[in-house]
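Peer 1: Sequence unavailable; structure follows:
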């Protein structure tokens, strides 16, 4: 376990809480519409580009915050032992942003050609990034290395299998109001990044010493 002040998991949890407090203050002062505009990712993205970042750390309710916090605490503590804080934060933010963008862009694309489907959705929360962390853990461990390494599969086949797995997990964990595309995207990105050991520190990097 890393020193608390050096733990990227604890830092991210603290950021979750800080952003949520700001959200509630804005809600009291300016109302829910302003909260949506300042923190939620939606289309057109160019109209509020900062929400690509804020949406990753913002949450829609206390229960939403708590659920993501518990999930992050579990997978984050396991993964942060294998990487540096800088890589952890960059991976979390990047996968979270890409997951959110996939959700809102797909909705805009499908909604523009299919009647009755909402063309505009709003995304809040770090679940896409948390799914990415979980996916990374699944494919970067030694057991997976042995299993996958013992079977000769082309990169395309591996990607296809990961996509099928990501669809299955996404559907198994689905519930009303959940951003399924964001979850699928995050998990798939994590699975692929784990196979590439994207978070493995380079020779010149050092992870904080454990206590």
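Peer 2: Sure, I can see it. Just so you know, these numbers come straight off a predicted model, no measurement behind them.

Peer 1: what's the distance between residue 166 and residue 201?
Peer 2: Distance, residue 166 to residue 201, using C-beta to C-beta, to the nearest Å: 26 Å. Any C-beta I mention is one placed from the backbone N, CA and C, and that applies to glycine too.

Peer 1: in the protein, which helix or strand is least confident?
Peer 2: Lowest mean confidence among the helices and strands of the chain (mean pLDDT, DSSP states H and E): helix 142-149, at a mean of 69.

Peer 1: Just give me the residue closest to the centre of the protein.
Peer 2: In the chain, the residue lying closest to the centroid (C-alpha atoms, centre = their mean) is residue 129, at 1.0 Å.

Peer 1: sorry, back to before: same drill for residue 166 and residue 201, tell me which one is more crowded.
Peer 2: residue 166 (22 against 14; other C-beta atoms under 10 Å).

Peer 1: buried set for the helix or strand in which that one is found?
Peer 2: Per DSSP states H and E, residue 166 falls inside helix 155-172. By 16 or more other C-beta atoms under 10 Å, the buried positions in helix 155-172 come out as 158, 162, 165-166, 169-170.

Peer 1: Pull the contacting residues for residue 13.
Peer 2: Taking C-beta atoms under 8 Å, 6 or more residues apart in numbering as the criterion, residue 13 is in contact with 69, 72-73, 76.

Peer 1: same for the helix ranked longest in the chain, what does it pack against?
Peer 2: Assignment by DSSP state H gives helix 85-113 as the longest helix of the chain. On a contact count with 3 or more C-beta pairs under 8 Å, 6 or more residues apart in numbering; DSSP states H and E, helix 85-113 meets helix 8-30, helix 51-57, helix 62-80, helix 127-140, helix 180-195.

Peer 1: I'd like these as CSV, with mean pLDDT and distance to residue 94 appended.
Peer 2: What follows is these, written out as CSV (pLDDT from 0 to 100; distance: least, C-beta to C-beta, whole Å):
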stretch, mean pLDDT, distance to residue 94
helix 8-30, 94, 13
helix 51-57, 96, 9
helix 62-80, 95, 15
helix 127-140, 95, 8
helix 180-195, 94, 8
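
Peer 1: ok, the closest residue to residue 57 other than its chain neighbours - contacts?
Peer 2: Excluding its sequence neighbours, the residue lying closest to residue 57 (C-beta to C-beta, 6 or more residues apart in numbering) is residue 19, at 4.5 Å. Contact analysis of residue 19 by C-beta under 8 Å, 6+ apart lists 39, 54, 57-59.

Peer 1: try it again with 10 Å
Peer 2: Residues in contact with residue 19 (C-beta atoms under 10 Å, 6 or more residues apart in numbering) are 39, 54-59, 65, 126.

Peer 1: thought residue 121 was touching residue 109?
Peer 2: No - taking contacts as C-beta atoms under 10 Å, residue 121 lies outside contact range of residue 109: 11.7 Å.

Peer 1: Which one's more surrounded, these two?
Peer 2: The neighbour count for residue 121 versus residue 109, taken as other C-beta under 10 Å, is higher for residue 121 (18 against 13).

Peer 1: Pretty sure that one sits in a helix.
Peer 2: No - going by DSSP: H, G, I helix; E, B strand; the rest coil, the assignment for residue 121 is coil, not a helix.

Peer 1: where's the closest residue to it other than its chain neighbours relative to residue 45, distance?
Peer 2: Spatial nearest neighbour of residue 121, chain neighbours left out: residue 107 (4.5 Å); criterion: C-beta to C-beta, 6+ apart. As judged by C-beta to C-beta, residue 107 and residue 45 stand 12 Å apart.
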